[in-house]
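1. let me see the structure of the following:
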Amino acid sequence: MTVVTRIEEDLKAARLAHDDSRRDALSLLLSSLRGAAKDLQRPLKDDEALQVLQRERKRRVEAAEAFLAAGREEQAAKEEYELEVIEEFTPPQLSEEELEEIIDDVIAEVGATSLNQLGRVMADVMPQVSGRADGSVVSQLVREKLA
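-> From the prediction side, this is the model:
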């Protein structure tokens, strides 16, 4: 069962249960996924759907932080709830130790010794951690290790 199909089924269940907050969160997700499919002019593959969910996850984290900083706890709580719903459909995030292990393996495999080889290391690391780690975090860790 694809990610999109699972979200559609959960949306139907939320509507039948009259769970308005879950229904709204799932509707937003489905809208983002359908928009991405429309941009590509074809149905999304699961890895592409996970990339969209990862992007939505990042947006919710940033929005919740911004709302908290502005003292708007109610809106922050809504964003955090949407984040929880998104995380139901994404693989669990890698711990920093697991991520460092993958990066160390790739650096050893590629034989990278300087920041000049950052792109090569990132090209090998990102497919392994796709959907399970934020690209900016991965980039930061690779830079630290190559510096």
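2. let me see the domain layout of the chain.
-> Domain assignment for the chain, taken from automatic domain parsing, gives 3-87, 96-146.
3. report how many residues lie close to the closest residue to R120 other than its chain neighbours.
-> Among residues not flanking R120 along the chain, V110 sits closest, at 5.6 Å (CB to CB, 6 or more residues apart in numbering). In short, each C-beta sits where N, CA and C put it, glycine included. Burial of V110 is recorded as 14 neighbouring residues (other CB atoms under 10 Å).
4. then K12?
-> By the criterion of other CB under 10 Å, K12 has 12 neighbours.
5. quick one: contacts for it?
-> Listed by CB atoms under 8 Å, 6 or more residues apart in numbering, the contact set of K12 is empty.
6. if I look at it, what pLDDT would I see?
-> We have a pLDDT of 96 for K12.
7. how far away is it from A108?
-> Counting by CB to CB, to the nearest Å, the gap from K12 to A108 is 48 Å.
8. do R72 as well
-> From R72 to A108 the distance is 46 Å (CB to CB).
9. which stretch in the domains of the chain has the least confidence?
-> Minimum mean pLDDT among these: domain 96-146, a mean of 84.
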